[in-house]
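Undergrad: next comes the sequence, and after it the predicted model I'd like to discuss.
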Amino acid sequence: MQTDTTTKLALSVEQARERILSGLRPVDAVEKVTLSAAAGRILAEDLIARLPVPAFANSAMDGYALAGRDLPVNGERRLRVIGSSLAGHPFMDTVGTVACVRIMTGAMLPSGTDTVVMQEEVRTAGADIVIRAGHRIGENVRLPGSDVPTGSRVLEHGRRLRPGDLGVIASLGLPEVNVRRRVRIAFFSTGDELREPGVKLAPGQIYERNRYTLSATLASLGADFVDLGVVPDQPEAIRAAMKSASQADIVLTSGGVSVGDTDYVRQVLAELGEISFWRVAMKPGKPLAFGRLGNAWFFGLPGNPVSALVTFQLFVAPALHVLAGESYREPFTLRAQTLCAFDKRQGRAEFPRGILSRKDGAWFVGSAGSQDSSALSVMSRANCFVLLPAEAATIPAGMEIEVMPFDVPV
Ligand code: AMP
Ligand code: MG
């Protein structure tokens, strides 16, 4: 691992991300899970279809199955209805000429037929139906393998399984799939001032927020996490917490990573592990420590609640994707026009919290409120980060800029 001896230098966001991601390898352990437990897991195998889907020709409509050669070229033709084929109850005889079978959606096409005429398009006449000209041979039939041909690669390893994928796997008759084990994360917050919601605060104390925002984010990313609680600003306590956390793949802390008198996290990390860097030229989130703690990757997030969330999204979330074995995906961003000016200092990347809206098919972004990194209510009201690159100065209203929505389509 590269280490800054001159810890004075702040890395750019891109350098920091590159430094973090270049060392990571996916966890190797694979486990078999049932389909009902597989949502959101990372597929650890390529799934090849051993069966065609559908397995047999079936009807896409409620109507009548017949042989295409019986369709009238002009005028009308009368066909005798000789039976019915329902979903799960096929008609097992062969259908001869000038005959047809009543058929429902999903039911198997009887042998001798290759076409289904919708019931709305026929007239019944006693035991017969009357069909007009204008139909096409093969219409309203789902052919075997038309959804998934035998031998095709249906899903590739590295895919985060979505609801539709699970249906596809079920359609292949597979009750279980191989997925990578979940990434294990241990985290704690530091701060003598922090108390749990529900207790009465003494002067100078505040309610803990970061473990709540972080555990919700980790849960939504499918990580397996342990919450080690709040640790006081004491080197021995931080040392003990780091030791007990170091069995995880990622150790995450919040607070105590800056240059304050009680900021001991870096000191303890340097003692028990290794610091790769601890400053990034960004706002919010400048003090972000990254390094190694035993076999774990260590992220010391800043304590300010907004900074903790921004640095999580920019650095920890991509690291989690790589460790999880998920195929690489670019963070989802889109371009929007600014509805107001965004103050900005050149030389550092800034991530103000914005409100993205859509009007007449175009995207617009305004400020969500105070850009103070402790203003968590603004983050809660916002729906995106505005991405202002390091080289930019203040952005006026009416400019096109890039934003990263919080709720990302997958
Ligand atoms: P620190 O990074 O420890 O210097 O903390 C920066 C600011 O964030 C201080 O105002 C802390 O009180 C606050 N803070 C730190 N950790 C938390 C937390 N877990 N929840 C809420 N606020 C926090
Ligand atoms: Mg602190």
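TA: Here it is on my side, so go on. Numbers count the residues shown, from 1 in each chain. Ligands and ions are numbered 1, 2, ... in the order given.
Undergrad: can you give me the helices in the chain?
TA: 13-22, 163-171, 210-220, 235-245, 265-272, 305-311, 317-324, 376-381 (DSSP state H).
Undergrad: of those helices, which stretch is the most buried?
TA: Highest mean neighbour count among the helices of the chain (mean count of other Cβ atoms under 10 Å): helix 305-311, with a mean of 27. Heads up, the C-betas are built off the backbone N, CA and C, glycines and all.
Undergrad: pLDDT of that one, averaged?
TA: Averaged across helix 305-311, the pLDDT comes to 96.
Undergrad: and what of stretch 91-111?
TA: Taken as a whole, stretch 91-111 has an average pLDDT of 98.
Undergrad: next, the distance between the ends of that stretch.
TA: Its start and end residues considered, stretch 91-111 measures 9 Å (Cα to Cα, to the nearest Å).
Undergrad: returning to what we had before: please convert the helices of the chain to a markdown table, extending it with distance to ligand 1.
TA: Converted to a markdown table, the helices of the chain look like this (distance: least, Cβ to the nearest ligand atom, whole Å):
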| stretch | distance to ligand 1 |
| --- | --- |
| helix 13-22 | 17 |
| helix 163-171 | 34 |
| helix 210-220 | 3 |
| helix 235-245 | 12 |
| helix 265-272 | 8 |
| helix 305-311 | 5 |
| helix 317-324 | 19 |
| helix 376-381 | 8 |
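Undergrad: separation between Val280 and Ala223?
TA: Taking Cβ to Cβ, to the nearest Å as the measure, Val280 falls 22 Å from Ala223.
Undergrad: wait, Asp114
TA: Per Cβ to Cβ, Asp114 is found 52 Å from Ala223.
Undergrad: those two - which one has more neighbours?
TA: Neighbour totals were compared for Asp114 and Ala223, and Ala223 leads with 23 against 17 (other Cβ atoms under 10 Å).
Undergrad: before we move on, back to that, the helices of the chain into a markdown table, with extra columns for distance to ligand 2?
TA: Listed next are the helices of the chain as a markdown table, based on distance: least, Cβ to the ion, whole Å:
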| stretch | distance to ligand 2 |
| --- | --- |
| helix 13-22 | 21 |
| helix 163-171 | 41 |
| helix 210-220 | 11 |
| helix 235-245 | 11 |
| helix 265-272 | 9 |
| helix 305-311 | 11 |
| helix 317-324 | 23 |
| helix 376-381 | 16 |
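Undergrad: next up, the contacts around the closest residue to ligand 2 within the stretch 201-350 of the chain.
TA: The nearest approach of the stretch 201-350 of the chain to ligand 2 comes at Gly255, 3.9 Å away (Cβ to the ion). Shown in contact with Gly255 (Cβ atoms under 8 Å, 6 or more residues apart in numbering): 189-191, 194, 210, 263, 265, 301-303.
Undergrad: mind doing that once more with 7 Å?
TA: 189-191, 303 (Cβ atoms under 7 Å, 6 or more residues apart in numbering).
Undergrad: got a quick ChimeraX command for the buried subset of those residues?
TA: Command for ChimeraX, covering only those of the contacts of Gly255 found buried under the criterion 16 or more other Cβ atoms under 10 Å:
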select :189,190,191,303
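Undergrad: shouldn't Gly273 be in contact with Phe290?
TA: No - counting by Cβ atoms under 7 Å, Phe290 is not a contact partner of Gly273; they are 10.8 Å apart.
Undergrad: so which of these two has more stuff around it?
TA: Phe290 (26 against 20).
Undergrad: can you get me a residue count around the closest residue to that one other than its chain neighbours?
TA: Leaving aside its sequence neighbours, Phe290 sits nearest to Ser276 (Cβ to Cβ, 6 or more residues apart in numbering; 4.9 Å). Close neighbours of Ser276, defined as other Cβ under 10 Å, add up to 21.
Undergrad: do Glu120 as well
TA: For Glu120, using other Cβ under 10 Å, the count is 8.
Undergrad: who's the residue in the stretch 51-200 of the chain positioned nearest to ligand 1 bridged to?
TA: Nearest residue of the stretch 51-200 of the chain to ligand 1, counting by Cβ to the nearest ligand atom: Ser189, 3.7 Å away. Here Ser189 sits in beta bridges with Val230, Ser254, going by DSSP bridges.
Undergrad: so which residues on this structure come close to ligand 2?
TA: By Cβ under 5 Å from the ion, the part of the chain that sits against ligand 2 consists of 191, 255-256, 303.
Undergrad: follow-up on the earlier one: correct me if wrong: the residue of the stretch 51-200 of the chain closest to ligand 1 contacts Glu208.
TA: Yes - at 6.1 Å, Ser189 counts as touching Glu208 under the criterion of Cβ under 7 Å.
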